[in-house]
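Peer 1: Model the following, please.
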Amino acid sequence: MASGKTAAFFLGKYPEPHQLQGARALNDYTMALKNRYLRSSAPISKVIYDDRIHVIDNALGLHTFVSRVQGNKLKAKNEIRISSLFRRLPEPLLNMIVVHELAHLREKSHDKAFYRLCCHMQPEYHQREFELRLYLCHRERHGDLW
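Peer 2: Have a look, this model is predicted:
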């Protein structure tokens, strides 16, 4: 994994990072994907970039499901938190992360149904996941590209 080869590959395929820098833009982007593919799924209360997520431990972000009792009702909240590192990635790689976290609304575990749903929302899901993991290795050894 020579620096020149991986850097040339990524910069050739993805010359620019995405423009979704703020939480509002990320939320709108995520909700558009959810409304297109998972309209009947549970609502999402929050989608944010999170500085506290360590990429090595949780490489793709976090999907949290919180249940709270309010009076005699049980309130459920779904949140998606994406590492702030991904604020500077190209859009196709961010798309893969968002698709992965959205798939957790319907499928909690990483099983065959989960990956089938990911591929339904993003036909090149497996290729982009591979490229993201390759980029994370490149970044660890040689630093950021974008």
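Peer 1: how near is the most centrally placed residue in the chain to Glu131?
Peer 2: By CA atoms, centre = their mean, the chain has its centre lying nearest to Ile97, at 2.0 Å. Using CB to CB, to the nearest Å, Ile97 is found at 12 Å from Glu131. Using the backbone N, CA and C atoms, a C-beta is placed for each residue, glycine as well.
Peer 1: got it, and Leu38?
Peer 2: Using CB to CB, Leu38 is found at 24 Å from Glu131.
Peer 1: distance between the longest helix belonging to the chain and the chain's centre?
Peer 2: Criterion DSSP state H: the longest helix present in the chain is helix 125-142. How far helix 125-142 lies from its chain's middle: 13 Å, per CA atoms, centre = their mean, to the nearest Å.
Peer 1: so what secondary structure elements neighbour that helix?
Peer 2: In terms of contacts (3 or more CB pairs under 8 Å, 6 or more residues apart in numbering; DSSP states H and E), helix 125-142 is packed against helix 3-13, helix 91-106, helix 112-121.
Peer 1: send the alpha carbons of that helix over as PDB?
Peer 2: Only the C-alpha atoms of helix 125-142 are listed here, as PDB (Å, rounded to 0.1, in the frame of the first residue of the first chain):
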ATOM      1  CA  TYR A 125     -22.200  -0.700  -1.400                       C
ATOM      2  CA  HIS A 126     -19.500  -3.400  -1.000                       C
ATOM      3  CA  GLN A 127     -17.100  -1.700  -3.300                       C
ATOM      4  CA  ARG A 128     -17.500   1.600  -1.500                       C
ATOM      5  CA  GLU A 129     -17.100  -0.100   1.900                       C
ATOM      6  CA  PHE A 130     -13.800  -1.600   0.700                       C
ATOM      7  CA  GLU A 131     -12.600   1.800  -0.600                       C
ATOM      8  CA  LEU A 132     -13.500   3.400   2.700                       C
ATOM      9  CA  ARG A 133     -11.600   0.900   4.700                       C
ATOM     10  CA  LEU A 134      -8.600   1.200   2.200                       C
ATOM     11  CA  TYR A 135      -8.800   5.000   2.700                       C
ATOM     12  CA  LEU A 136      -8.800   4.600   6.500                       C
ATOM     13  CA  CYS A 137      -5.600   2.500   6.200                       C
ATOM     14  CA  HIS A 138      -4.100   5.100   3.900                       C
ATOM     15  CA  ARG A 139      -5.000   7.900   6.300                       C
ATOM     16  CA  GLU A 140      -3.500   6.100   9.300                       C
ATOM     17  CA  ARG A 141      -0.200   5.600   7.500                       C
ATOM     18  CA  HIS A 142       0.100   8.800   5.400                       C
END
